[in-house]
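**Q** okay, here's the prediction I keep looking at, along with the sequence it came from:
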Amino acid sequence: MKDLTIRKAKRGDEGKVLDLVEEVLSDYGLEVNPEIEDLDITDIPRYYTKNNGDFEVIVFKGKIVGSYGIYKIDKDTCELRKMYLKQSFQGLGLGNIMIENSFKIAKSLNYKKITLQTNSVLYKAVKLYRKYGFEEFDDDVCERCDIAMIKDIA
């Protein structure tokens, strides 16, 4: 798609990513919470890039329309976080690109497993995660989530 780029997040993107998350969640009756579940996107360098992780955004005509981050859990495990895409950009294959890029990033950072937390109302996302081999497992999840998933990427 013309005018669409994927780039590493930079300082100053935090507010725009938070707006994106809020917009996508509101479509499903869920709420953003910058004090708890979404604290990590209030300081992307601190929680991601300076902590053996990465955060990328999809930009269309200067506006952030998608995001995803690789967040360190421990030496071998990372978490795919904040994978959001504006509704008008869904169905174009961008979700596949985001997942595939996240696997490449996680492997380049030497992680062996990738986890995620989601909510079953985000059925399109759950279907995409299963397509890429994520399996549900029993783990604590944040207040907004009801599913934990994991995939071996070693």
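**A** Arrived safely, thanks for sending.

**Q** how about stretch 42-55: buried residues?
**A** Across stretch 42-55, burial judged by 16 or more other Cβ atoms under 10 Å covers I44, Y47, Y48, T49, G53, D54, F55. To be clear about C-beta, it is placed using only N, CA and C from the backbone, and glycine gets the same treatment.

**Q** does the fourth one touch F55 like I think?
**A** Yes - with contact defined as Cβ atoms under 8 Å, T49 reaches F55; the gap is 6.6 Å.

**Q** if I look at those two, which residues touch both of them?
**A** Listed as contacting both T49 and F55 by Cβ atoms under 8 Å, 6 or more residues apart in numbering are K8, A9.

**Q** what's next to stretch 48-63, contact-wise?
**A** Taking Cβ under 8 Å, 6+ apart as the rule, stretch 48-63 contacts 1, 3-9, 13, 16-17, 40-41, 44, 47, 64-72, 78, 82, 85, 89, 94, 98, 101, 105, 109.

**Q** quick one, what contacts the nearest residue to Y47 once chain neighbours are set aside?
**A** Once flanking residues are discounted, Y47 sits nearest to D40: 4.0 Å by Cβ to Cβ, 6 or more residues apart in numbering. Neighbouring residues of D40 by Cβ under 8 Å, 6+ apart: Y47, Y48, G69, Y71, R81, K82.

**Q** backbone dihedrals for D40, please?
**A** phi -60, psi -30 (degrees, to the nearest 10).

**Q** same check on C142?
**A** Per degrees, to the nearest 10, the backbone of C142 is at phi -70, psi 170.

**Q** same check, this time on D27
**A** Dihedral angles for D27 - degrees, to the nearest 10 - are phi -60, psi -20.

**Q** just give me the longest helix of this protein.
**A** The longest helix of the chain (DSSP state H) is helix 94-108.

**Q** re earlier: filter the contacts of stretch 48-63 down to the buried ones.
**A** 9, 13, 16-17, 40-41, 44, 47, 64-71, 78, 82, 85, 89, 94, 98, 101, 105.

**Q** in helices only, show me the buried residues of stretch 42-55.
**A** Of the buried residues of stretch 42-55, the ones assigned to helices by DSSP H are I44.
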